[in-house]
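[1] Dropping a prediction and its sequence here:
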Number of protein chains: 4
Amino acid sequence: MANSKPEITDEVAAVANFMVERDLFAEQLGIQLEELRLGRCRASLRLAPSMLNGHGIPHGAVLFALADFAFAGACNSYGRTAVALSMDIHFVSSPRPDARLEAVAEEVRLGRRTGLYRISVTDDENTVVAELHGMAYRKKDRFI
Amino acid sequence: MANSKPEITDEVAAVANFMVERDLFAEQLGIQLEELRLGRCRASLRLAPSMLNGHGIPHGAVLFALADFAFAGACNSYGRTAVALSMDIHFVSSPRPDARLEAVAEEVRLGRRTGLYRISVTDDENTVVAELHGMAYRKKDRFI
Amino acid sequence: MANSKPEITDEVAAVANFMVERDLFAEQLGIQLEELRLGRCRASLRLAPSMLNGHGIPHGAVLFALADFAFAGACNSYGRTAVALSMDIHFVSSPRPDARLEAVAEEVRLGRRTGLYRISVTDDENTVVAELHGMAYRKKDRFI
Amino acid sequence: MANSKPEITDEVAAVANFMVERDLFAEQLGIQLEELRLGRCRASLRLAPSMLNGHGIPHGAVLFALADFAFAGACNSYGRTAVALSMDIHFVSSPRPDARLEAVAEEVRLGRRTGLYRISVTDDENTVVAELHGMAYRKKDRFI
């Protein structure tokens, strides 16, 4: 599944290219875009030893980075520049140190200037690892 | 200032060593421990081009990682294993792409099993970049 | 539906009585317990003119109070005293000024000392009004 | 202090009148406006027996209502209609059942369409009871 072709609808193809080419931090972590549609994005990440914290469990910031990438995909999917106003993350369970994680971001509300997204992170046994909400601000300019 | 000796009180010296040696993800990002006391931690990070997102502004996940490190320092400062239950981040302003950022985590409440921390991230002009709250769960075991 | 008998499983009957008899603030607002099970609670409220804010839309604090009641029911359902550590509320849409609202609180994670709950508030057309997460601290004593 | 004249600057006098006359829910709870300036609001509330929850401690929703009133004052102080997008509340300590509480809302960031506010609730011994952040959306129309 990790190497299958991402599911990307035609209307968001340019957005997907933009994200994959420009987001160097996500690339560095090995975050993969798995699915992109208007208002919805799915991304994955294989945990590595360098992503553990001092207590030997995956770093909260790594889970956040994966969730944030999916959130960015969903709220930027319309081609209008969207930036995060706030996010809250709730840690539900610690995944195995080498688990493959998947984050799904779904639109709860799309206003003219703001958007609310629900994001969940699960491991390869479909156990919920973290739940988030993200609020985005939608600028007037388009980036594609 | 970036290269000055960190301010670490004697009672938390072992915790500081633990954090600096074990947290490989923080090391990889170039996060520096600047100060550690019981219930308080300060850390810094120099932004790099690889930390920008597609829109050319610093990645929210990088700001989160810095804040999370300071939070981890403050809530683990007693030597008892503490893990994050939840965090919320509010993005206040976008720093320059090469700014040096500093995060300060301060204890709001220390209960027997949980602790609440306030974290703020500022840039080198002392402008607030992000504000967070973090809730920690305190396990019974000591890690040092 | 508002006047139908609440769905309460036997194991939580004493908890339900406790909530209904003791929570005077909820009673004053007209909050009704609709369903209580281990880890799950549903409650309703009919909006009244006195619950509107200056802008003529239902008060955020009223939506919060309803969600908080459902949260309290779910996290106290085991009979062990549970208190809120933190809650976050996201306002999704404004209900009609006289709508009947329903809140459902569901357990995401039950730890020994903490519990995480997802709460959603909907109106009588099943439109989402607000989404929340609540984190509870579970004391050792039982209240029933 | 509870009966002293509220501190209200001239430029926000019409906003203050609007809040005091129109917010029936706040009036019902006995919430008093204590101070209003551009971007800042202070409000107070005397706890009453009807505001306790089943466990005999002040209802989280009452603390939220007080904080929300101060937040509404601060973000509406410019006379432009502002509504809450999201709020997060962290419960720090339980006040005495008859304490006089005070909430202060302060502006962290004022954008063209959104604003971020920090709110803290303290009791009459100046102990922190709750800390919040609130995000407001600023409409184009003025309500005064």
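    Happy to help now that I have it.
[2] Number of residues surrounding A:Ala82?
    23 (other CB atoms under 10 Å in any protein chain shown). C-beta coordinates here come from the backbone N, C-alpha and C atoms, glycine included.
[3] Equivalent analysis for A:Pro49, please.
    Neighbour tally, A:Pro49, other CB under 10 Å: 10.
[4] what about the closest residue to it other than its chain neighbours, is that helix, strand or coil?
    Counting by CB to CB, 6 or more residues apart in numbering or on different chains, A:Pro49 lies nearest to A:Pro97, which is 7.0 Å off, once chain neighbours are set aside. Put simply, A:Pro97 is coil when judged by DSSP: H, G, I helix; E, B strand; the rest coil.
[5] for A:Pro97, phi and psi?
    Note on A:Pro97: backbone dihedrals following degrees, to the nearest 10 are phi -60, psi -20.
[6] For it, give me its contacts.
    A:Pro97 makes contacts with A:47, A:49, A:52, A:56-58, as judged by CB atoms under 8 Å, 6 or more residues apart in numbering or on different chains.
[7] Dump those residues into a markdown table; add pLDDT and secondary structure as well.
    What follows is the contacts of A:Pro97, written out as a markdown table (pLDDT from 0 to 100; DSSP: H, G, I helix; E, B strand; the rest coil):
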| residue | pLDDT | secondary structure |
| --- | --- | --- |
| A:Leu47 | 97 | coil |
| A:Pro49 | 93 | helix |
| A:Leu52 | 90 | strand |
| A:Gly56 | 87 | coil |
| A:Ile57 | 91 | coil |
| A:Pro58 | 93 | strand |
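[8] what is the mean pLDDT for the longest strand along chain A?
    Longest strand in chain A by number of residues (criterion: DSSP state E): strand A:128-142. Predicted confidence along strand A:128-142 averages 97 (mean pLDDT).
[9] Can you name the residues of chain A sitting close to chain D?
    Proximity of chain A to chain D, by CB under 8 Å from any CB of the partner chain, involves residues A:85-86, A:88, A:111, A:113-114, A:116, A:133, A:135, A:137.
[10] switch to 10 Å and redo it
    Proximity of chain A to chain D (CB under 10 Å from any CB of the partner chain) is limited to residues A:85-86, A:88, A:109, A:111-114, A:116, A:133, A:135, A:137-139.
[11] who wins for most neighbours among the residues you listed?
    A:Ser86 (27 neighbours).
[12] residue contacts, it?
    A:133-137, B:60, B:88-92, B:130-132, C:88, C:90, D:85-86, D:88, D:114, D:116, D:133, D:135 (CB atoms under 10 Å, 6 or more residues apart in numbering or on different chains).
[13] make it 8 Å
    Here A:Ser86 is in contact with A:134-135, B:88-91, D:86, D:116, D:133, D:135 (criterion: CB under 8 Å, 6+ apart).
[14] And the residues you listed, which is closest to chain C?
    D:Ser86 (4.5 Å; CB to the nearest CB).
[15] Helix, strand, or coil at the residue nearest to the spatial centre of chain A?
    Among the residues of chain A, the one closest to the centroid is A:Ala70, at 1.8 Å (CA atoms, centre = their mean). Three-state assignment for A:Ala70 (three-state DSSP): helix.
[16] now A:Asn126
    coil.
[17] number of nearby residues for it?
    That count, for A:Asn126 with other CB under 10 Å as the rule, works out to 7.
[18] ranges for the strands of chain A?
    A:7-8, A:32-37, A:40-46, A:80-91, A:100-110, A:114-122, A:128-142.
[19] how about JSON lines for those, with distance to D:Asn126 added?
    Below are the strands of chain A laid out as JSON lines (distance: least, CB to CB, whole Å):
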{"stretch": "strand A:7-8", "distance to D:Asn126": "56"}
{"stretch": "strand A:32-37", "distance to D:Asn126": "51"}
{"stretch": "strand A:40-46", "distance to D:Asn126": "45"}
{"stretch": "strand A:80-91", "distance to D:Asn126": "28"}
{"stretch": "strand A:100-110", "distance to D:Asn126": "38"}
{"stretch": "strand A:114-122", "distance to D:Asn126": "36"}
{"stretch": "strand A:128-142", "distance to D:Asn126": "32"}
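[20] and whichever residue of chain A sits closest to chain D, what are its phi and psi?
    Chain D sits closest to A:Arg113 of chain A, with a gap of 4.8 Å, by CB to the nearest CB. Main-chain torsions, A:Arg113, degrees, to the nearest 10: phi -120, psi -10.
[21] Report the contact partners of it.
    Contacts of A:Arg113 by CB under 8 Å, 6+ apart are A:137-138, D:113-114, D:137.
[22] Now do it, the pLDDT please.
    96.
[23] With A:Asp98 instead?
    For A:Asp98, pLDDT reads 95.
[24] Report the contact partners of the nearest residue to it once chain neighbours are set aside.
    Nearest residue to A:Asp98 in three dimensions, chain neighbours excluded: A:Leu47, at 5.6 Å (CB to CB, 6+ apart). Going by CB under 8 Å, 6+ apart, A:Leu47 touches A:58, A:62, A:95-101.
[25] now the residues you listed: which count as buried?
    The neighbour-count criterion (16 or more other CB atoms under 10 Å in any protein chain shown) marks A:58, A:62, A:95, A:99-101 among these as buried.
[26] For the residues you listed, which two are the farthest from each other?
    A:Val62 and A:Arg100 (12.7 Å; CB to CB).
[27] who touches both of these two?
    A:45, A:47.
[28] pLDDT below threshold where in chain A?
    For chain A, the stretches with pLDDT under 70 are A:1-3.
[29] Contact residues of it facing chain B?
    Going by CB under 8 Å from any CB, the residues of chain A near chain B are A:18-19, A:22-25, A:28, A:49-55, A:57, A:59-62, A:64-65, A:68-69, A:72, A:76, A:81, A:83-91, A:143.
[30] Buried ones among those residues?
    Buried among those (16+ other CB under 10 Å): A:18-19, A:23-25, A:51-55, A:59-62, A:64-65, A:68-69, A:72, A:76, A:81, A:83-91, A:143.
[31] Contact partners for the residue nearest to A:Leu29 when sequence neighbours are not counted?
    Once flanking residues are discounted, A:Leu29 sits nearest to A:Ala65: 5.8 Å by CB to CB, 6+ apart. Residues in contact with A:Ala65 (CB under 8 Å, 6+ apart) are A:25-26, A:29, A:31, A:45, B:59, B:61, B:64-65.
[32] Please apply the same query to A:Glu35.
    A:Glu35 neighbours (CB under 8 Å, 6+ apart): A:6-8, A:41-42.
[33] Swap in 7 Å and give it another go.
    By CB atoms under 7 Å, 6 or more residues apart in numbering or on different chains, the contact set of A:Glu35 is A:6-7, A:41-42.
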